[in-house]
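[1] Fold the following for me, if possible:
(chains A, B and C)
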Amino acid sequence: MLSTAASAWGFSLPVIAPVVSTIAVMVVSAIKVGLVMAFFMELRSAPLAWQLTGTLWVAVAASMVVTIYLY
Amino acid sequence: MDENTKILYQKLSLYSGPFFVITFIIFWAWLGQNLPPPHPDWPAQAFSDRYVDHLTGIRVGFLVSLITICFYLPWTGYVTARMMRIETGRYPVLSYLQLMGGCLTVMVVSISMWCWVVAAQRPERSPEITQMLTDAGWLMNDTVYMCTALQMFAMALCFLADKKSTIPVMPNWACYLTIFCGATFFPASLTAILRDGPFAYDGLIGYWLPYPAWLIWLFVATYYLLADLKRRARTDEGKDIVAPIVNQMLADAGREK
Amino acid sequence: MRAHPVVGSVLPTPRDGRRLPGVEGVWAFVFADMTVFAVMFASFMIDRHENPALFEASRQALSLDFGAVNTLILLTSSMFVVLAIDALKHAHPRLAPVFFALALTCGLAFIVSKTLEYMAKFDAGISMLTNDFFMYYFIMTGMHLGHVVVGNVILAVLWFKSRSVSASGGNLTVYESGATYWHMVDLLWICLFPLLYLVR
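    Below is the predicted model of the structure:
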């Protein structure tokens, strides 16, 4: 549990530093969102349908933002 | 009134909900030219032209909607009665809140259509006035939503706390969906400030989210309430439920002495 | 980290061992809410695409420090909620109110920090009507702040409730539902922060 929290904290740190590229920030954010869902919200051990819904949300939201950004 | 007649009126009350939704979509949204709604940033003349070009549709649409919106009342009445069976006792506050919210919703939506009916009465009047009446109608709907939101919250909270029904009136997710649909109204307050973009009264968050949410909620709620009504009619409610209620009332009376 | 077995809980565990924390309805609510936010993210990106120079110039007026501190506050708060639930699950219910109180403190700190940030913007003459970027900025963070306020009320309720919980752990559903909502609030900020403060 603590390790999860620590890893989420760790992920938040590079975001504070000046960003090298927007994409990297978005990818890091998506990973962070995924971590919060999987461990904090315990979707990791939830029924598959809910787990997939969570993953789908992250995938769709992140790819949408990146696509519009790059377009 | 015999049991069958009672059940008939209860069914009619419930069916008046979807009847309202369907007429609302046809007359308010389609004939009333609210699909899509006017753009708040248009010049005044464009508002006038809109009424002149679609005068008959707008007049018929809103005049009919002003009548059919009142079919929201019997539906609200049934929901209140159903909630009182769950919220037994002398202080059914959630049921009353739902009742008041439903009644006021009819008034709010009616006043907004009344503004548009007034605008359509003399389409040749000064465009600024037509524009103002159109704006006033939209802002009536979009800023006075809290009555409806409270109606939905009260209903959801009551059905969530239901300990009496063996099968819940609405499933857990539908209750939370009700709360969510009510919550989608809040950003509509921004329509009073922003005239362009997603938060304006023709925008994604100002129009396309809250209005469908309200209508979809009504459909979902009616679906489950109807199923519940059929269950009640089948199990012959009189035998199962009246006895415990009479016992409860006797117990209450005893306690008060 | 391993998935914890549910100890001291009265919740039924399905045969395959997979279990959704809290009640299903909360999850339906959470995903519906997150979808609305996702639509706003897309809308923001599309409008940004039409005027990147304006959005970039406006973004630079935002305070990165405030944004980053807010991120840390919410993540910490979320972590305290995880610890509180964990305490309840492992039959240390006396620790739970402490963690809930800490989480609530973080939640309140977020509101204070956001208020300060808004006041600094208003002092600088920036409002929702300044331009499209600030419209999104104020509305998206404002809606999120609304969620935080509701979340704080929920945390306060959980705090009071957890003070009278027995050593057996009791029914966790209410706690898990509240926690799920609070994690969503955290999660949405994790999305909002890079979108508004960092994308360039």
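
[2] what about the residue in the stretch 51-200 of chain B positioned nearest to chain A, helix or strand, and which?
    As assessed by CB to the nearest CB, chain A sits closest to B:Trp173 within the stretch 51-200 of chain B, at 11.8 Å. Heads up, the C-betas are built off the backbone N, CA and C, glycines and all. Per DSSP states H and E: B:Trp173 is located in helix B:172-183.

[3] Does the helix ranked longest in chain A pack against any helices or strands, and if so which?
    Ranked by number of residues, the top helix in chain A under DSSP state H is helix A:48-70. Under the contact criterion of 3 or more CB pairs under 8 Å, 6 or more residues apart in numbering or on different chains; DSSP states H and E, helix A:48-70 touches helix A:22-35, helix C:24-50.

[4] what's the distance between A:Leu35 and A:Glu42?
    12 Å (CB to CB, to the nearest Å).

[5] Chain B contacts on chain C?
    C:23-26, C:28-29, C:32-33, C:36, C:39-40, C:43, C:47, C:128-129, C:132, C:135, C:139, C:143, C:146 (CB under 8 Å from any CB of the partner chain).

[6] Show the buried residues in those residues.
    By neighbour count, with 16 or more other CB atoms under 10 Å in any protein chain shown, these hold C:23, C:25-26, C:28-29, C:32-33, C:36, C:39-40, C:43, C:47, C:128, C:132, C:135, C:139, C:143 as buried.

[7] which outside residues touch stretch B:62-79?
    B:10, B:12-14, B:16-17, B:19-20, B:23-24, B:27-28, B:31-32, B:98-99, B:101-103, B:105-106, B:109-110, B:113-114, B:116-117, B:120, B:151, B:155, B:218, B:221-222, B:225 (CB atoms under 8 Å, 6 or more residues apart in numbering or on different chains).

[8] That one: how far from the chain's middle?
    Stretch B:62-79 sits 8 Å away from the centroid of its parent chain (CA atoms, centre = their mean, to the nearest Å).

[9] If we go by neighbour counts, what in that stretch is buried?
    Quick answer for stretch B:62-79 (16+ other CB under 10 Å): B:62, B:64-66, B:68-69, B:71-79.

[10] Of the contacts of stretch B:62-79, grab the buried ones for ChimeraX.
    Buried residues among the contacts of stretch B:62-79 (16+ other CB under 10 Å), as a ChimeraX selection:
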select /B:10,13,14,16,17,19,20,23,24,27,28,31,32,98,99,101,102,103,105,106,109,110,113,114,116,117,120,151,155,218,221,222,225
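
[11] the longest helix in chain C is where?
    Using DSSP H, we find that the single longest helix of chain C is helix C:132-163.

[12] Around chain C, pick out the residues from chain B.
    B:160, B:171-177, B:179-180, B:183-184, B:186-187, B:190, B:193-194, B:197-199, B:204-205, B:209.

[13] redo that, cut-off 10 Å
    Residues of chain B lying near chain C by CB under 10 Å from any CB of the partner chain: B:156, B:160, B:170-181, B:183-184, B:186-187, B:190, B:193-199, B:203-205, B:208-209, B:213.

[14] Setting aside sequence neighbours, what's the nearest residue to the residue of chain C found nearest chain B?
    Using CB to the nearest CB, C:Gly25 is the residue of chain C that sits closest to chain B, at 3.3 Å. Of all residues not flanking C:Gly25 in the chain, B:Tyr176 sits nearest, at 3.3 Å (CB to CB, 6 or more residues apart in numbering or on different chains).

[15] Burial check on that neighbour, number of neighbours?
    When neighbours are counted by other CB atoms under 10 Å in any protein chain shown, B:Tyr176 registers 23.

[16] Am I right that it is in contact with C:Ser177?
    Yes - proximity of B:Tyr176 to C:Ser177 meets the contact threshold set by CB atoms under 10 Å, at 9.4 Å.

[17] Mutual contacts of the two, please.
    C:Val23, C:Glu24, C:Gly25, C:Val26, C:Trp27, C:Phe29, C:Val30 (CB atoms under 10 Å, 6 or more residues apart in numbering or on different chains).

[18] Make CSV out of those and add pLDDT and distance to A:Ser29.
    Shown next, in CSV, are the shared contacts of B:Tyr176 and C:Ser177 (pLDDT from 0 to 100; distance: CB to CB, whole Å):
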residue, pLDDT, distance to A:Ser29
C:Val23, 86, 28
C:Glu24, 87, 27
C:Gly25, 90, 28
C:Val26, 92, 24
C:Trp27, 92, 22
C:Phe29, 94, 23
C:Val30, 93, 18
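
[19] Could you point out which of these is nearest to chain A?
    C:Trp27 (6.1 Å).

[20] The closest one against B:Trp173, yeah?
    Yes - at 8.0 Å, C:Trp27 counts as touching B:Trp173 under the criterion of CB under 10 Å.

[21] Comparing those two, which shows the higher neighbour count?
    C:Trp27 (25 against 18).

[22] that older thread, filter the buried residues of stretch B:62-79 down to just the ones in helices.
    B:62, B:64-66, B:68, B:72-79.

[23] if we can go back for a sec, the longest helix of chain C - contacts with which helices or strands?
    helix B:172-183, helix C:24-50, helix C:52-59, helix C:64-89, helix C:96-123, helix C:173-193 (3 or more CB pairs under 10 Å, 6 or more residues apart in numbering or on different chains; DSSP states H and E).

[24] which stretches of chain A have low pLDDT?
    By pLDDT under 70, the low-scoring segments of chain A are A:1-21.

[25] Tally up the residues packed near the closest residue to chain B within chain A, please.
    Chain B sits closest to A:Trp50 of chain A, with a gap of 11.8 Å, by CB to the nearest CB. Residues lying near A:Trp50 (other CB under 10 Å) number 19.

[26] my read: it touches A:Ala38, true?
    No - using CB under 10 Å, A:Trp50 is not in contact with A:Ala38; the gap is 11.6 Å.

[27] Could you check the angle the longest helix along chain B makes with helix B:172-183?
    Scanning chain B for the longest helix, with DSSP H as the assignment, gives helix B:93-121. Put simply, helix B:93-121 runs at 50 degrees to helix B:172-183, going by axes from the mean of the first three to the mean of the last three CA atoms, to 10 degrees.

[28] Which strands and helices lie in contact with helix B:93-121?
    helix B:44-53, helix B:55-68, helix B:72-86, helix B:127-143, helix B:146-160.

[29] report the angle between the axes of that helix and helix B:55-68?
    Going by the same axes, to 10 degrees, helix B:93-121 makes 160 degrees with helix B:55-68.

[30] tell me the contacts of A:Ala62?
    A:Met26, A:Val27, A:Ser29, A:Ala30, A:Ile31, A:Val33, A:Gly34, C:Ala38, C:Phe41, C:Cys191.

[31] out of these, which are buried?
    A:Met26, A:Ser29, A:Ala30, A:Val33, A:Gly34, C:Ala38, C:Phe41, C:Cys191.

[32] Among these, which pair sits farthest apart?
    Taking CB to CB, the two most distant members of the buried ones among the contacts of A:Ala62 are A:Gly34 and C:Phe41; they sit 16.0 Å apart.

[33] what residues are up against residue 33?
    In the absence of a named chain, this looks at chain A. Here A:Val33 is in contact with A:Gly54, A:Trp57, A:Val58, A:Ala61, A:Ala62, C:Met34, C:Asp186, C:Leu187, C:Leu188, C:Ile190, C:Cys191 (CB under 10 Å, 6+ apart).

[34] think we crossed wires, I meant chain C
    When contacts are counted by CB under 10 Å, 6+ apart, C:Asp33 is found next to B:Phe180, B:Ala183, B:Thr184, C:Met143, C:His147, C:Tyr181, C:Met184, C:Val185, C:Leu188.

[35] same deal with B:Met170?
    By CB under 10 Å, 6+ apart, the contact set of B:Met170 is B:155-156, B:158-160, B:162, B:176-178, B:220-221, B:223-225, B:227-228, C:25.

[36] Now do the SS call for it.
    What DSSP: H, G, I helix; E, B strand; the rest coil gives for B:Met170 is coil.
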